[in-house]
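Enquirer: kindly return the folded structure for what I paste below:
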Amino acid sequence: MSLFTAFLNTLLLSFFELIYLVGILVAVGMVIGVIERYSNRYLIKAFGPRGLYLTAWIGTPIHEIGHLIQCFIWGHRVTRVKLLQFGHPNGVLGYVEHQYNKNSIY
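Expert: Reported below is the predicted structural model:
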């Protein structure tokens, strides 16, 4: 086997492994998206438009705390945090505003 053929085989194998990895992640994400859509639809059907708040009151703060922790890990300066809010015109339930630290390598 020539060096060129070995290089091509390695390149091809790496490409297919990358496609498998990314493909699995995309497929799982799509399945989770479909499940989310159905669960939201059933919550709204059972409890009305405010039915989503039943899960948002615990899920949104946990999600935003995850963002907050990442900001501290990567050295970002946190300027504002809202763990849970209702009635925002854009439907935003929570957020973490931060600024990038220019001295950080990340």
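Enquirer: what does stretch 94-106 rub up against?
Expert: Outside stretch 94-106, the residues that touch it by C-beta atoms under 8 Å, 6 or more residues apart in numbering are 60-61, 63-64, 67-68, 71, 74-85. Just so you know, the C-beta spots here come from the backbone N, C-alpha and C atoms, and that holds for glycine as well.
Enquirer: show me which residues of that stretch are buried.
Expert: 94, 96, 98 (16 or more other C-beta atoms under 10 Å).
Enquirer: pLDDT of that stretch, averaged?
Expert: For stretch 94-106, mean pLDDT is 84.
Enquirer: including distance to residue 18, could the buried residues of stretch 94-106 go into a markdown table?
Expert: Converted to a markdown table, these look like this (distance: C-beta to C-beta, whole Å):
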| residue | distance to residue 18 |
| --- | --- |
| 94 | 34 |
| 96 | 31 |
| 98 | 31 |
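Enquirer: domains for this protein, by residue range?
Expert: For the chain, automatic domain parsing gives the domain ranges 1-47, 53-106.
Enquirer: pLDDT score assigned to residue 76?
Expert: On pLDDT, residue 76 comes in at 89.
Enquirer: that one - nearest residue in space that isn't next to it in sequence?
Expert: In space, and not counting its chain neighbours, residue 76 is closest to residue 98: 4.2 Å by C-beta to C-beta, 6 or more residues apart in numbering.
Enquirer: determine the longest helix present in the chain.
Expert: Criterion DSSP state H: the longest helix present in the chain is helix 3-47.
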